[in-house]
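# Based on what follows, work out the 3D shape:
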Amino acid sequence: MNVIILRPSLFFVGFLIGIITVFSFNYAGRIFGTHELQGDHSKTFLSIFKTWSKYSRNYNAWRQKQNVDVSLVNLDDFYYGQPSQGNKATLESEWLIKKVPVTCVVFVEKLKLATTIEDTWGRHCNQLLFFSRYLSDAPVINLNIKYTSSWQLLCEVMRHVWKTRDRVPLNWLIFVNDDTFVVLENLRHMLAPLDHEQYFYLGHPVVLWGNVYNVAQAGYVLSYGILQRLIKIFDTSAKCAAGGKYWKKEDFYLGKHLSALGIQPADTRDAKQRGTFHGFSLNVLLWGVAKPDSYYTKALYPPGRECCSDRSVTFSVGEGDKVRTINYLLYHLRVFGGGSRGNKAAPTPVPEDEVWKIALREEFNLTDVDDITSEEYFQMWRKKYSEPEMFLARNFRGVAEP
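Alright, predicted model coming up:
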């Protein structure tokens, strides 16, 4: 297998908030940032934090063990040139889809956002599942359970997803709300060196009432090892119902239950201490339109001076049209960086100087038009249609003739 590395723009995040910002990435370097605790936390957190370094192996070192051939590629040739002979080359991001399977679980409030996700970033999930306590229209799944808390909903969803493990690998699961955009390529890049059989709990961790948990509004990732452990504990609906009693606190209860098992959130900041899981829109995070209050002040791993990471995984997008806009910028818009193949004009099946002759054949039922000049054509057209509105009225229904 050939894996083509596109430097420096394989993993990129584009944003349109007034202006278009395109970030270029470089694979060299570690995924996670400086191993230092900020703030006053217990020795338990410090111990967990120190052990994280043994899992945050360099991505390049992990890739070298996968027995693949790596080469550079010219983007212009790759997207617009003819397929090369021999073994078919594969983009690294596409190769990671099979190597790092991710199940996306989306909690839906608006059906329109569910269908938008299905058409956009959801296409990059290995398995995409929508759940709601209100809706039951496709593609949303309603488990038809009378819930007493949002934790019970989350718990029942995890039990339902666990039943799909024989059909789809559940190596990694990301849980998000329907107003969240997920960059799956960046997530897989982060997860690739990690062992999904171990306990990994990723997101944006905060401290509340002495409990540490990843906030739901930024989305959170669970490894297969954690899901398996939780299912063994909450193996009945009664146990799910007893695990929490308040609404909109399922993320808090999840963190509480995992903490009781000795599992704490990992540090997902990049090497510059910039966050990768974001629970607010880019307006808020980049331009300070509104203050995210406790999002930063209670963060377990506070970000540095800059926001946000070039390898950002999630951020909030409230409207469906914005989701589609960002999806276009990420996966379809290509910034010119050289080459000529992708900048050629589209092939025209009929030369421009022959278009009017086709109009003569179709509109005037003429067969021999080679001897008619363009001036004669103009006069014939003007005689038949004195105004453009007349042509529209005669050829298109619903347009009144003046």
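# Just the helices from the stretch 51-200 of the chain, written as ranges.
Using DSSP state H, counting those that start in this stretch, the helices assigned to the stretch 51-200 of the chain run over residues 59-64, 75-80, 92-99, 111-119, 150-162, 184-191.
# By mean pLDDT, show me the worst of the ones you listed.
Mean pLDDT is lowest for helix 75-80 among these, at a mean of 78.
# so which of the helices of the stretch 51-200 of the chain is the most packed in?
Across the helices of the stretch 51-200 of the chain, averaging neighbours per residue (mean count of other CB atoms under 10 Å) puts helix 184-191 on top, at a mean of 24. Yep, even glycine has a C-beta here, placed from its N, CA and C like the rest.
# Okay, now the sheet partners of the very next helix or strand once past it, with direction.
Next helix or strand after helix 184-191 toward the C-terminus (DSSP states H and E): strand 201-202. Neighbouring strands of strand 201-202 in its sheet, by DSSP bridges, are strand 220-223 (antiparallel).
# With only the CA atoms kept, save the strand it pairs with in PDB.
Written as PDB, here are the backbone C-alpha positions of strand 220-223 (Å, rounded to 0.1, in the frame of the first residue of the first chain):
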ATOM      1  CA  TYR A 220     -15.800  13.900  24.300                       C
ATOM      2  CA  VAL A 221     -14.100  10.700  23.100                       C
ATOM      3  CA  LEU A 222     -14.200   7.300  24.800                       C
ATOM      4  CA  SER A 223     -11.900   4.400  24.000                       C
END
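# got the helices of the stretch 51-200 of the chain as JSON lines, with distance to S281 columns?
Formatted as JSON lines, the helices of the stretch 51-200 of the chain follow (distance: least, CB to CB, whole Å):
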{"stretch": "helix 59-64", "distance to S281": "28"}
{"stretch": "helix 75-80", "distance to S281": "30"}
{"stretch": "helix 92-99", "distance to S281": "25"}
{"stretch": "helix 111-119", "distance to S281": "14"}
{"stretch": "helix 150-162", "distance to S281": "22"}
{"stretch": "helix 184-191", "distance to S281": "18"}
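# which one of those helices lies closest to N343?
Nearest of those to N343, taken as CB to CB: helix 75-80 at 8.3 Å.
# helices or strands next to that closest one in the packing?
In terms of contacts (3 or more CB pairs under 8 Å, 6 or more residues apart in numbering; DSSP states H and E), helix 75-80 is not packed against any helix or strand.
# Return the alpha-carbon coordinates of that helix using CSV.
Coordinates of each C-alpha in helix 75-80 appear next as CSV, following Å, rounded to 0.1, in the frame of the first residue of the first chain:
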residue,chain,number,x,y,z
LEU,A,75,-1.7,18.0,-5.2
ASP,A,76,-2.4,19.3,-8.7
ASP,A,77,-1.4,16.0,-10.3
PHE,A,78,-3.2,13.9,-7.7
TYR,A,79,-6.6,15.6,-8.0
TYR,A,80,-6.6,16.5,-11.7
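# just how off-centre is that helix within its chain?
23 Å (CA atoms, centre = their mean, to the nearest Å).
# and W172, how many neighbours?
The tally of other residues near W172 (other CB atoms under 10 Å) stands at 24.
# Sorry, slip of the keys, the one I care about is A271.
Using other CB under 10 Å, A271 has 13 neighbouring residues.
# for G244, same thing?
Neighbour number of G244 under other CB under 10 Å is 22.
# Begin at 8, not 1, for the rest of this chat.
That works, and once the first residue is 8, the last one we named lands at G251.
# Which residue lies closest in space to it, excluding its sequence neighbours?
With sequence-adjacent residues excluded and distances taken as CB to CB, 6 or more residues apart in numbering, G251 is closest to W158, at 2.9 Å.
# what sits against the one you found?
The contact partners of W158, by CB atoms under 8 Å, 6 or more residues apart in numbering, come to C247, G250, G251, K252, Y253, K256, E257, Y260, L261.
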